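> Curious how this folds, go ahead:
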Amino acid sequence: MSLPSSQKPSEHSASARRKFRHVVLLGDALLDAYRSIDKTPGKFEDALLPGTRDQWHISVVSAAEVERAGSSLVLPKDATHAIIFIEGNYAIEQSGMIHDRPEACAQTLEQLALAADEFERTLERLIRLAQAARLVIMVCSMFQPNYKDPVRQRAACAALAVFNDRVTKRAAAARVALIDLRLICNEPDDYDKPTQLSKSGLQKAANVIRYAMFEIDAAARRAEVFF
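Predicted coordinates:
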């Protein structure tokens, strides 16, 4: 387990800062999270990783693009890192499980399992794509929602736990780092909407992601957790 954004990276990783790195953001959740940020080259990097404009380049590839292109998709040749983050809250919403009240608990659990199965298949596909490109990989868990209705909040958090279990399993199986957003974005001010981070919440996540990117050794193959 690795701690905190406030901790300074090691001397070894600090010396590595001077090297240029290209981060590919893989997943739909990242597109939603960074929708309000200026994606002009340089400004995008400064917004996500302040003060590192000359060391990092960021590009975004959605899960939908990967699905459409399949094995023909090629990531940028100069890519060095991949941050994988796909959205499960949307799948939970679409399943109807937190709106409907089925008589049988098994019906709800089956809906949840089917949605989680599809989510896991997509996640595994993204991890394999990044592995094939020999990138340093970080997988993000999903942050919990922030519904005002306590009943809906409990139901959504319980459902999300099933999806995050798939994230943890896949990260461990692939021996890649896990960014645990549940432990990072855990205050009301971290949210603009129930399932969308505020600027301050996004920055908290970015701080830990930045720390992890400097700390992870490209040769390491272990499921390390950052929060």
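
> contacts, neighbours, all on C-alpha from now
Will do.

> Surely Ala79 is in contact with His22?
Yes. Here Ala79 lies in contact with His22, judged by C-alpha atoms under 8 Å, at a distance of 4.6 Å.

> could you pull out the strands for the chain?
Remark: strands assigned in the chain by DSSP state E are 21-26, 56-61, 81-84, 136-140, 177-179, 191-193, 196-197, 225-226.

> Deepest in the core, which of those is it.
Comparing the strands of the chain by mean neighbour count (mean count of other C-alpha atoms under 10 Å), strand 177-179 ranks first with a mean of 27.

> strand partners of that strand, parallel vs antiparallel please.
Each strand paired with strand 177-179, and its direction, by DSSP bridges: strand 136-140 (parallel), strand 225-226 (parallel).

> of the ones you listed, which approaches Met213 most closely?
strand 136-140 (8.2 Å; C-alpha to C-alpha).

> and the angle from that closest one to strand 21-26?
Interaxial angle of strand 136-140 relative to strand 21-26 (axes from the mean of the first three to the mean of the last three C-alpha atoms, to 10 degrees): 40 degrees.

> List the contacts of strand 136-140.
For strand 136-140, the surrounding residues in contact (C-alpha atoms under 8 Å, 6 or more residues apart in numbering) are 80-85, 127, 130-131, 167, 171, 176-181, 216-218.

> Would you enumerate the residues in contact with Ile179?
Here Ile179 is in contact with Met138, Val139, Cys140, Ser141, Val208, Ile209, Val225, Phe226, Phe227 (criterion: C-alpha under 8 Å, 6+ apart).

> Flag the shaky bits of the chain, pLDDT-wise.
1-20, 28, 30-39, 47-54, 88-105, 217-220 (pLDDT under 70).

> Name the single longest helix found in it.
The single longest helix within the chain, with elements called by DSSP state H, is helix 105-132.

> Could I get the buried residue list for that one?
Neighbour-count burial for helix 105-132, counted by 16 or more other C-alpha atoms under 10 Å, picks out 108, 112, 115-116, 119-120, 122-127, 129-130.

> Quick one: distance of that helix to the chain centre.
Its chain's C-alpha centre and that of helix 105-132 lie 15 Å apart, by C-alpha atoms, centre = their mean, to the nearest Å.

> Packing partners of that helix?
helix 63-69, strand 81-84, helix 89-95, strand 136-140, helix 150-174 (3 or more C-alpha pairs under 8 Å, 6 or more residues apart in numbering; DSSP states H and E).
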